[in-house]
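>>> next comes the sequence, and after it the predicted model I'd like to discuss.
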Amino acid sequence: QVRLVESGGGLAQAGASLKLSCAASGRDFTEYTLGWFRQTPGKERERIFVAAMAWKTGESLYADSARGRFTISIDKSKSTMDLQMDNLKPEDTAIYHCAADLRPSPAPFGLSGDYWGHGTLVTVSS
């Protein structure tokens with residue numbers, strides 16, 4: 001059973017940085033793509049793709065809102081995925097969910113979210 005557990009959320013000021021981590025377990029993730037969605041409080045039905053990376057190849061894909069500010073990475077030895085978020089903006093405030101798809105590439109659309117973690121809240125103040 002795939003288990004995804006997020007950590008690292010919190011409160012930050014605009015322009016600051018936060019690093020989210022996702023501990024992945026329960027499967028051999030070689031043929032998986034892992035990544036992040038976010039949900040704005042009050043708009044929980046809306047899932048917004050942030051970034052994704054193929055476990056095996058490291059191929060990555062970013063949403064326009066994340067490109068240039070966020071960096072996704074995978075540490076295979078620890079079975080973790082990180083999202084380094086720099087130059088945070090108030091509009092980045094959301095619950096960030098780790099997600100995984102059983103497919104080897106994030107292209108062309110990122111993630112569909114076969115598996116989800118419970119999420120971690122990021123709040124960015126202006």
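It's in.
>>> enumerate every residue touching the residue most central in space within the chain.
Centroid-nearest residue in the chain: residue 36, 2.3 Å away (criterion: C-alpha atoms, centre = their mean). With contact set as C-beta atoms under 8 Å, 6 or more residues apart in numbering, residue 36 has these partners: 20, 22, 49-52, 72, 83, 96-99. The C-beta positions use only the backbone N, C-alpha and C, and glycine is treated the same way.
>>> okay, and the closest residue to it other than its chain neighbours sits in which element?
Nearest residue to residue 36, sequence neighbours excluded (C-beta to C-beta, 6 or more residues apart in numbering): residue 50, at 4.2 Å. In the assignment (DSSP states H and E), residue 50 maps to strand 48-54.
>>> just checking, what packs against that strand?
Using 3 or more C-beta pairs under 8 Å, 6 or more residues apart in numbering; DSSP states H and E, the elements in contact with strand 48-54 are strand 33-39, strand 60-62, strand 70-75, strand 80-85, strand 94-101.
>>> which of those is buried the deepest?
Stretch with highest mean neighbour count among the helices and strands packed on strand 48-54: strand 33-39 (a mean of 25; mean count of other C-beta atoms under 10 Å).
>>> who does that strand pair up with?
Sheet pairing of strand 33-39 (DSSP bridges) gives strand 48-54 (antiparallel), strand 94-101 (antiparallel).
>>> what angle sits between the longest one and strand 80-85?
Meaning strand 94-101. 140 degrees (axes from the mean of the first three to the mean of the last three C-alpha atoms, to 10 degrees).
>>> from the chain's centroid, how far away is strand 94-101?
Here strand 94-101 is found 5 Å from its chain centre; the criterion is C-alpha atoms, centre = their mean, to the nearest Å.
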